[in-house]
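S.K.: The following block contains a protein sequence and its predicted model.
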Amino acid sequence: MRVYLVQHGEAKREEEDPARPLTEEGRREVEDVARFLAELGVRVDRILHSGKLRAAQTADILGGHHKPAKGVEKVDGLEPLADPEIWARRLDEADEELMLVGHLPHLARLVGLLTVGKSDVEVMRFRYGAVACLE
C-alpha cells in the first residue's frame, strides 16, 4: 500500500479572502505537480482531502489528472491541527492506494509519526503542492 501526502497549493491570505481559495499561481503549481505525477505513472484509488477550500481545490485538480476509481472526497482528520494518530491508524488498516491532501503542521507530524514513530520529529519540510510518497 502506498500513500501520497500532498500539501495544498498556495492560497490567498485570509485578509484577502477568508475562504482562502488557491491563488492563480497555486493552481498552476498544482497542475504542474499533477502532470508530473501522471507522467511518472502514479495511480491512486482515492483522493481524500480536508474540508478547507484550498485542499478541496487541490484535490480536484489532482483528481482531474489521475481519475481515481473511487473518486475524490472530503474526510475528517486532515485539518491543520488534527491529531496525526487518526490517520496513522486509518492507514494501518488501508488496503488501497491513497492520496491525502492536507495542511501543515498536520502533514509534517503525520510523516514523522509514520516514518520514525514520533509526530514531533521533523523528517521533511513540505512546500505548497509538495508530495511525499510512503510505502
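M.R.: Alright, I've got the coordinates.
S.K.: Show me where this structure has its helices.
M.R.: Here the chain has its helices, by DSSP state H, at 24-39, 53-66, 84-93, 106-116.
S.K.: The most centrally placed residue in the chain bridge partners, please.
M.R.: Nearest residue to the geometric centre of the chain (CA atoms, centre = their mean): Val101, 2.0 Å. Judged by DSSP bridges, the bridge partners of Val101 are Val6, His49.
S.K.: returning to that earlier point: specify the stretch among the helices of the chain that is closest to Gly77.
M.R.: Minimum separation from Gly77 across the helices of the chain (CB to CB) falls at helix 84-93, 3.9 Å. Just so you know, the C-beta spots here come from the backbone N, C-alpha and C atoms, and that holds for glycine as well.
S.K.: ok, back up a step: hmm, the residue nearest to the centre of the chain is touching Ile61, no?
M.R.: No - look at Val101 against Ile61 with CB atoms under 8 Å: they stay out of range, at 9.6 Å.
S.K.: so where is this protein shaky, pLDDT-wise?
M.R.: Residue ranges of the chain with pLDDT under 70: none are present.
S.K.: so who does the closest residue to Thr23 other than its chain neighbours touch?
M.R.: Once flanking residues are discounted, Thr23 sits nearest to Glu10: 5.0 Å by CB to CB, 6 or more residues apart in numbering. Glu10 makes contacts with Leu22, Thr23, Glu25, Gly26, Glu29, Tyr128, Gly129, as judged by CB atoms under 8 Å, 6 or more residues apart in numbering.
S.K.: where's Glu10 relative to Trp87, distance?
M.R.: Note on Glu10: its distance to Trp87, by CB to CB, to the nearest Å, is 23 Å.
S.K.: His66 now?
M.R.: 20 Å.
S.K.: Which one's more surrounded, the two?
M.R.: Under the neighbour definition other CB atoms under 10 Å, His66 and Trp87 were set side by side, and Trp87 has more, 27 against 19.
S.K.: Wait, the more buried one touches Leu78, no?
M.R.: Yes - assessed by CB under 8 Å, Trp87 is found in contact with Leu78 at 7.1 Å.
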